[in-house]
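In: Test case, fold it:
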Amino acid sequence: MANNKEKPQCVVIAGGIASGRHAFLGNFRHSFALDFPYRKLEDGTKSKRSFVTILSLSPDEVLKIKQLEKLGYRLTLYYLFTGSKLAYYRSFSKSIVNKNNFNENEIEASYSYTYKGLASCIQSFDLVFFLKNFKDLEFVSAYEPKTMKEEELATAIISLKREAEGE
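Out: Numbers count the residues shown, from 1 in each chain. So this is what the prediction gives:
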């Protein structure tokens with residue numbers, strides 16, 4: 001088996017719509033994104049090289065993450081917890097500035113499946129970093145999911161989700 005340094009890597013920056021994924025990549029490209037080229041998930045997988053991608057962890061994306069794991073990629077996740085109400089206001093403001101259409105149903109759907117997607121694929125990642133992106137960006141915790149019990153990870157996800165949603 002090839003050692004870890006020879007395996008391609010995929011750095012995933014994930015969260016719901018307007019959680020700050022693109023800003024995170026823009027601000028931390030040279031550090032946490034390891035200067036890997038940005039690629040859409042399918043294009044990155046086809047390249048068989050290291051890359052960074054931005055996802056919302058939809059059901060299709062979760063399946064592709066699991067395929068990357070089977071292909072031997074080292075997977076790192078930066079997951080940004082942001083409440084759906086905050087995302088709604090961020091997205092609404094951005095739509096006014098950019099003169100785009102605003103779709104609140106899309107935001108609701110994104111926040112419905114992003115947490116489910118996180119829970120269903122977290123064990124595929126070698127390293128996971130949880131961040132809160134409320135008023136400021138804050139690193140909360142780091143995990144090695146393959147060495148942990150699913151219950152421990154689920155508890156952490158539920159706790160941060162509740163905090164993000166103001167529950």
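In: Skip the chain neighbours and tell me the closest residue to Y73.
Out: The shortest distance from Y73 to any non-neighbouring residue, by CB to CB, 6 or more residues apart in numbering, is to C10 (4.8 Å). Where C-beta positions appear, they are placed from N, C-alpha and C, glycine not excepted.
In: Show me what secondary structure element comes after the longest helix along the chain.
Out: If you go by DSSP state H, the chain has its longest helix at helix 104-121. The first helix or strand that comes after helix 104-121 along the chain, using DSSP states H and E, is strand 127-133.
In: Parallel or antiparallel, which strands does that following strand pair with?
Out: Strands that pair with strand 127-133, judged by DSSP bridges, come out as strand 74-81 (parallel), strand 137-143 (antiparallel).
In: residues of the shortest one that come out buried?
Out: Right, the one you point to is strand 137-143. Y143 (16 or more other CB atoms under 10 Å).
In: Tell me which stretches of the protein form helices.
Out: 21-28, 41-47, 59-70, 84-98, 104-121, 150-165.
In: could you give the mean pLDDT of the longest one?
Out: pLDDT averaged over helix 104-121 equals 86, rounded to a whole number.
In: Convert stretch 106-116 to CSV, retaining C-alpha atoms only.
Out: Extracted as CSV, the C-alpha positions of stretch 106-116 are listed here (Å, rounded to 0.1, in the frame of the first residue of the first chain):
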residue,chain,number,x,y,z
GLU,A,106,-33.1,26.8,-1.5
ILE,A,107,-31.5,27.9,1.8
GLU,A,108,-34.0,25.9,3.8
ALA,A,109,-33.3,22.8,1.6
SER,A,110,-29.6,23.3,1.9
TYR,A,111,-29.7,23.4,5.7
SER,A,112,-32.0,20.4,5.8
TYR,A,113,-29.6,18.2,3.9
THR,A,114,-26.2,19.6,4.9
TYR,A,115,-26.5,18.3,8.5
LYS,A,116,-27.8,14.9,7.4
